[in-house]
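Undergrad: got a predicted structure here, sequence first:
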Amino acid sequence: MPEERQRKKKYTKTRVFRLNLLFFFIFCLFTMLIVRLGVVQIVFGESYKKEVTRQDATVVSLPAPRGKMFDRHGEIIVDNEGMDAVAFSEEPGMKAADKIDVARKLAKLISLKNEKYKDRDLIDYWLAAYPEEAKALLTDEELKLTPKETYALQVERVSEEAKKAVKKNELAEAILYKRMTSGYMYEIQILKSEGLTKEEMAKVSENLAYLPGVDILTDWKRKYPFGEMFRPVLGSVTSAQQGILEERSSYYLSRGYSRNDRVGKSYLEYQYEELLHPKKGKKKYITDRNGNVVDEVLVSEGSRGNDLRLSVNAQLQKEVEKILEEEIADAKSGRGNGLLDRAFVVMMDPYSGEVLSIAGKMTDPEKRGAFLDYSVGTFASQYEIGSTIKGATVLAGYQTGAIGHGTILHDAPVYLAGAPKPKQSWKTMGNISDLTALKQSSNVYMFKTVMKMAGVNYVPHGGLPIKNESFLQLRNIYKQFGLGIPTGIDLPNEGKGFQGDPTNPGLLLDMSIGQFDTYTPLQMAQYVSAIANGGMRVKPHLVSSIHEPTREVGLGPIIQPIQPEVLNNILNTEDDIKRVQEGFRQVVQEPGGTAYTSFKHDVAGKTGTAQTFYYGPDRSKWGQATYNLTFVGYYPSKNPKVAISVVVPWASNDQYPINKKIANRSIEAFVKYEENRNMNLPEEEATTEEETADGQPQ
């Protein structure tokens, strides 16, 4: 019994110990749980709460129209027009297969005929549309590479047969897929806008529930109230599908552009892209931790880009273009050798450099009696300009001391050793002064002037020891007027003319009368402006001021005026310039002048005829002898308001005097549309009177 009691007592003690140990263990667990809960709730509670309720926000841009362009008097030249568009924005969780499905459905609802595409577009579509076949292009070892590496291998291995199959059967789907994958999450991609029919829009609208990410919205395109009037100079804009220019993508992306943003791709639209580019609206998409959109917030409304006030007078420009077409058509009606196919006029304010009209017309080789706008030829094409350059040659003689005011030189045929025939003027003039040389357009006077500049004393039938340095000297003086160098106009791709190779000394004589180097019509306008304004080479420009966009009709508050800029001063005295101005006045207003009785208004200027050879688009006629008819001048002859240059390449003697007829009618148009307008406006509304007069050398 005692042993039994002892055993039971020992068993009870052991059980109590185990129960105490269990309770202690449970106590420790509860203590740890309480401590852990305290840490979670007190120490990290706030951060865990934020993580549970975490939301991400993505900000995307909304479409807005570009800035408008107005003429100098506030008439709209480039406007915006809204149009319906089918657009796509990638939704959270969308995979390539989802986009392929949308593209296939959408291809049945809209037409994408004649759309441009690249070979890579076909490849990317095939790889996304046929993933199993795409996977089979890789070995087991290659499948272990990074996605970027495997994709590059797959791109290289897509067969020509596969690409041809896509092109034949699924081209629309491939184009749509490319456009759908060109941006980031939520970024709006325009799938089709131009050419979208009402029927297509209705079909898409009816099926939006089955087209995730697709929507109908308003897009913008350029509208031109004056039709095709100098459209090339206004420039063009990329489509939404083209997006930013690939060659400048880094530039645009660094400035906050999206890849599908429209940008200016030529001339004024390109030159002033950052000002015309719209201030896009911003929308914020808020998503939860799973990527689901829980809210959309409009951060800011967009507005169109800044507006540009151009220096061009739209009514004057329209009239000058009409004059060019009429005079070219008249000159070609049964007269001449048939080479004449174009003509140019540039009119600018000789003091401010504002370009009032910049017109070029060319006959359409595909359509008889029709014309193409070739306004870009005023600054991008160059021609021998003949005797219009003689004002600069006389001033070069004054600068170097080769001649002075009233210097008499004998005009008679110049005989040079080895020359097959004499070099001469259009008639023998005898002893003449500098003024008469300009008035009657003496070639020989210019020949003897540049000979003196080169240190050569003319001896009949003698040699002509002229060095290349003399060519450089004359060209450097011409550059003071803007001849042979860019004018600095606010347009890209400006030509600067072509300098011939001085292979023989006699070419210096040809250069002095405008029959060696070539110049643009715009350079000629800048040159004659420097004579008209008393010796300043002024930078020409097409934009006069930059304005804030406004919802009201017309121009908004001015942001920045474009100030006149003098590039350099001519290194002649005031009396030198006045002497040439008098010579130019006599050309037009005194008997014996080569433009006498050709103008109805008080014009001063210089005519020109350059004997040259045809080198136009018709290669079968290259090398045929022809003439460039030109004129430069300004109106009025005192305190001029407009300078003008006229260039008519590849004409014939039968088509003379088309240069003077164009110049006269253009000056009349200036008086009608610019001068008279300003005279009739209240003083506070009158604009600065500005025009350029185009002329032709004879």
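TA: Sure thing, it's come through. Numbering: from 1, shown residues only.
Undergrad: the spatially most central residue of the chain: what's it in contact with?
TA: The residue lying closest to the centre of the chain (C-alpha atoms, centre = their mean) is Tyr267, at 1.7 Å. Neighbour list for Tyr267: Pro232, Val233, Leu234, Gly235, Ser236, Val376, Leu491, Pro492, Asn493 [criterion: C-beta atoms under 8 Å, 6 or more residues apart in numbering]. (C-beta placed from N, C-alpha, C; glycine too.)
Undergrad: what's the answer for Arg262, then?
TA: Going by C-beta under 8 Å, 6+ apart, Arg262 touches Arg66, Val237, Thr238, Ser239, Ala240, Gln242, Gly243.
Undergrad: by neighbours, which of those residues wins?
TA: Neighbour counts for the contacts of Arg262, by other C-beta atoms under 10 Å, peak at Arg66, which reaches 27 neighbours.
Undergrad: before we move on, back to that, show me the two of the contacts of Tyr267 that sit farthest apart.
TA: Maximum pairwise distance in those, criterion C-beta to C-beta, is 14.4 Å, between Leu234 and Asn493.
Undergrad: before we move on, the earlier item: okay if I get the contacts of Tyr267 as JSON lines plus secondary structure?
TA: JSON lines is the format used below for the contacts of Tyr267 (DSSP: H, G, I helix; E, B strand; the rest coil):
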{"residue": "Pro232", "secondary structure": "helix"}
{"residue": "Val233", "secondary structure": "helix"}
{"residue": "Leu234", "secondary structure": "helix"}
{"residue": "Gly235", "secondary structure": "coil"}
{"residue": "Ser236", "secondary structure": "coil"}
{"residue": "Val376", "secondary structure": "coil"}
{"residue": "Leu491", "secondary structure": "coil"}
{"residue": "Pro492", "secondary structure": "coil"}
{"residue": "Asn493", "secondary structure": "coil"}
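Undergrad: out of those residues, flag the one nearest to Tyr151.
TA: Comparing the contacts of Tyr267 against Tyr151 with C-beta to C-beta picks out Ser236 as the nearest, at 34.6 Å.
Undergrad: for the residue nearest to that closest one when sequence neighbours are not counted, what are its contacts?
TA: Sequence neighbours aside, Ser266 is the residue nearest to Ser236 in space, at 5.1 Å (criterion: C-beta to C-beta, 6 or more residues apart in numbering). Residues near Ser266 by C-beta under 8 Å, 6+ apart: Pro232, Gly235, Ser236, Pro492.
Undergrad: selecting buried members of those residues in ChimeraX, what would you type?
TA: Entered in ChimeraX, the line below selects the buried ones among these, by 16 or more other C-beta atoms under 10 Å:
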select :232,235
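Undergrad: Gln271 touches Glu494, doesn't it?
TA: No - proximity of Gln271 to Glu494 does not meet the contact threshold set by C-beta atoms under 8 Å, at 10.7 Å.
Undergrad: does the residue lying closest to Ser529 once chain neighbours are set aside sit in a helix, a strand or a coil?
TA: Leaving out its chain neighbours, the residue that sits closest to Ser529 by C-beta to C-beta, 6+ apart is Pro350, at 3.8 Å. Here Pro350 takes the coil state, with states given by three-state DSSP.
Undergrad: same thing with Glu269?
TA: Following three-state DSSP, we place Glu269 in the helix state.
Undergrad: surely it meets Thr238?
TA: No - assessed by C-beta under 8 Å, Glu269 is found out of contact with Thr238, at 9.3 Å.
Undergrad: picking up where we left off before, okay, now the residue nearest to Ser529: neighbour count?
TA: Look at Pro350: counted by other C-beta under 10 Å, it has 28 neighbours.
Undergrad: for it, give its distance to Ala392.
TA: Between Pro350 and Ala392 the distance is 15 Å, computed by C-beta to C-beta, to the nearest Å.
Undergrad: need the three-state assignment for Ile190.
TA: Judged by three-state DSSP, the three-state class of Ile190 is strand.
Undergrad: check what pLDDT it gets.
TA: Per-residue pLDDT puts Ile190 at 86.
Undergrad: and if you look at Pro564?
TA: Listed pLDDT for Pro564 reads 96.
Undergrad: so, low pLDDT: which residues of the chain?
TA: 1-13, 16-17, 19, 37-63, 186, 281-302, 335-337, 680-698 (pLDDT under 70).
Undergrad: and the longest strand belonging to it, which residues are buried?
TA: Assignment by DSSP state E gives strand 76-88 as the longest strand of the chain. By 16+ other C-beta under 10 Å, the buried positions in strand 76-88 come out as Ile76, Ile77, Val78, Asn80, Asp84, Ala85, Val86, Ala87, Phe88.
Undergrad: who does it touch, helix- and strand-wise?
TA: Applying 3 or more C-beta pairs under 8 Å, 6 or more residues apart in numbering; DSSP states H and E, one finds that strand 76-88 makes contact with strand 69-70, strand 189-192, helix 198-206, strand 214-223.
Undergrad: now these as a markdown table including mean neighbour count and distance to Met429?
TA: Formatted as a markdown table, the helices and strands packed on strand 76-88 follow (neighbours: other C-beta atoms under 10 Å; distance: least, C-beta to C-beta, whole Å):
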| stretch | mean neighbour count | distance to Met429 |
| --- | --- | --- |
| strand 69-70 | 23 | 50 |
| strand 189-192 | 24 | 68 |
| helix 198-206 | 14 | 73 |
| strand 214-223 | 17 | 55 |
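Undergrad: got CSV for the ones you listed, with distance to Arg18 too?
TA: Shown next, in CSV, are the helices and strands packed on strand 76-88 (distance: least, C-beta to C-beta, whole Å):
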stretch, distance to Arg18
strand 69-70, 95
strand 189-192, 73
helix 198-206, 77
strand 214-223, 71
